[in-house]
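# The following comprises the amino acid sequence and a computationally predicted model.
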Amino acid sequence: MDEIGAVAVVGCGTVGASWAALFLAHGIDVSAWDPAPGFADRLRVSVDLALGQLAELGLTGAGRLATHDDLEAAVTGAGFVQENAPEEEGLKRGLLARIDACLPADILVASSTSAMLRSRIVADCARPERVLVAHPFNPPHLVPLVEIVAGSDTAAERAAAFYTRLGRRPVILRREMPGHIANRLASALYREAVNLVAEGVASVADIDAALCNGPGLRWSAMGPHMTYHLGGGAGGIRHYLDHLGPSQERRWESLGDPRLTEDVKAAIVAGVEAEAAGRTVAELEARRDRALIDVLKARTEVAGA
């Protein structure tokens, strides 16, 4: 995987453009395709913005970007394919089958699906063993996580080696699960965030502030298991589970099971609009990316290598 010098990016929306920039910044040529008219111009604008951000992190590779009107032309000659089509099973199944039919058997095809099961989206592929899920967190050129679901250990290890080369942090699922790992964790957290709004416990802004000014800071350096390991003192996670586990279970029992009724949705929308304070989505994205860059420059993973 160290020898891959060209990647095909199939689907060039927000995620695809971010992947393309990451590959280019590592000196890898990108061949891009998207069915949307005029995608090439929009892609170059997005890529140029992301490349400027990556340069701040010291990534200044000079990969070449080529765009194509034909899918088969875009994937021909690629050493790796990153697919980023919309989350529609029929669309992905057909697209992956087309890509699979164009490539030599040893080329990996990675799908950026955030929730779909690999076993379903590869069903129409002639060589399903080389098609895997490689789910990033948005924006993938800045957020290191890549969740891998593969049909074999060999495919998973090859993909993980490639993403590691790009400075990503791959995690490999032992079996497929809707939402993989991170989105399931995020969904569990968001369910309670919605419940706190629905129950009138706090404002949207204060709920967001409680997370990013409290556990969110710790979670950028260590995950929940390691956090509670330290919470157990000298006895570590065993002491925590034995002595503080019952209080954790009591909190689990009190967690809500909200529904997104019209009233709840209206309360969330009003709260988010108040928190955004008139800033546009584009302005908020820019502020988010600025914060991510600053965090990445300073970040140390406590339990990392």
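Received the coordinates, thanks.

# from here on, contacts and neighbour counts on C-alpha atoms
Will do.

# Which other helices and strands does the helix or strand where residue 183 lies contact?
Using DSSP states H and E, residue 183 sits in helix 182-198. The contact analysis (3 or more CA pairs under 8 Å, 6 or more residues apart in numbering; DSSP states H and E) places helix 182-198 against helix 204-212, helix 262-276.

# is it possible to export the ones you listed to a markdown table including mean pLDDT and distance to residue 234?
What follows is the helices and strands packed on helix 182-198, written out as a markdown table (pLDDT from 0 to 100; distance: least, CA to CA, whole Å):
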| stretch | mean pLDDT | distance to residue 234 |
| --- | --- | --- |
| helix 204-212 | 97 | 26 |
| helix 262-276 | 97 | 40 |
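
# Residue 60: which of these is closest?
Nearest to residue 60 among the helices and strands packed on helix 182-198 is helix 204-212; the distance by CA to CA comes to 30.6 Å.

# can you give me the strands for the stretch 51-200 of the chain?
In the stretch 51-200 of the chain, the segments counted as strands under DSSP state E, counting those that start in this stretch are 65-68, 80-83, 108-111, 131-136, 145-149, 169-172.

# got a pLDDT number for residue 280?
pLDDT recorded at residue 280 is 97.

# before we move on, what about residue 303?
With respect to pLDDT, residue 303 scores 66.

# and what of residue 220?
As predicted, residue 220 sits at a pLDDT of 89.

# How much space separates it from residue 191?
21 Å (CA to CA, to the nearest Å).

# Can you name the residues that contact the residue most central in space within the chain?
Nearest to the geometric centre of the chain sits residue 137, at 1.7 Å (CA atoms, centre = their mean). Going by CA atoms under 8 Å, 6 or more residues apart in numbering, residue 137 touches 143, 144, 145, 146.

# bridging residues for the last one?
For residue 146, the beta-bridge partners under DSSP bridges are residue 136, residue 170.

# My guess is it contacts residue 135. True?
Yes - counting by CA atoms under 8 Å, residue 146 does reach residue 135; the two are 5.3 Å apart.

# Which of those two has more residues huddled nearby?
Ranked by neighbour count (other CA atoms under 10 Å), residue 146 and residue 135 place residue 135 first, with 26 against 23.

# on that earlier part again, buried stuff in the helix holding residue 183?
The neighbour-count check on helix 182-198 (16 or more other CA atoms under 10 Å) flags 182, 183, 191, 192, 193, 194, 195, 196, 197, 198 as buried.

# Relative to residue 160, how far out is the closest residue to the last one other than its chain neighbours?
What sits nearest to residue 198 in space, not counting adjacent residues and going by CA to CA, 6 or more residues apart in numbering, is residue 264, at 5.7 Å. When CA to CA is applied, the distance between residue 264 and residue 160 equals 41 Å.

# between the two, who's got more neighbours?
More crowded of residue 264 and residue 160, by other CA under 10 Å: residue 160, with 22 against 17.

# surely the more buried one meets residue 167?
No - judged on CA under 8 Å, residue 160 makes no contact with residue 167 at a distance of 10.6 Å.

# start to end distance for stretch 58-75?
Calculated as CA to CA, the first-to-last residue distance of stretch 58-75 is 29 Å.

# If you count neighbours, what's buried in that stretch?
Residues of stretch 58-75 classed as buried by neighbour count (16+ other CA under 10 Å): 59, 60, 61, 63, 65, 67, 68, 69, 71, 73, 74, 75.

# In contact with the residue nearest to the fifth one when sequence neighbours are not counted, which residues?
By that I understand residue 65. Nearest residue to residue 65, sequence neighbours excluded (CA to CA, 6+ apart): residue 30, at 4.9 Å. Residue 30 is in contact with 6, 7, 8, 9, 20, 23, 24, 63, 64, 65, 66, counting by CA under 8 Å, 6+ apart.

# Name all residues that make contact with the residue nearest to the first one when sequence neighbours are not counted.
The one in question is residue 6. Spatially, and ignoring its direct neighbours in sequence, residue 6 is nearest to residue 29 (4.6 Å; CA to CA, 6+ apart). With contact taken as CA under 8 Å, 6+ apart, residue 29 is in contact with 5, 6, 7, 23, 63, 64, 65.

# Pull up the per-residue confidence for the second one.
So that's residue 6. Residue 6 is given a pLDDT of 97.

# ditto for the fourth one
You'll see residue 23 listed with a pLDDT of 98.

# Then the last one?
For residue 65, the model assigns a pLDDT of 98.

# That one touches residue 27, doesn't it?
No - under the criterion of CA under 8 Å, residue 65 makes no contact with residue 27, lying 10.5 Å away.
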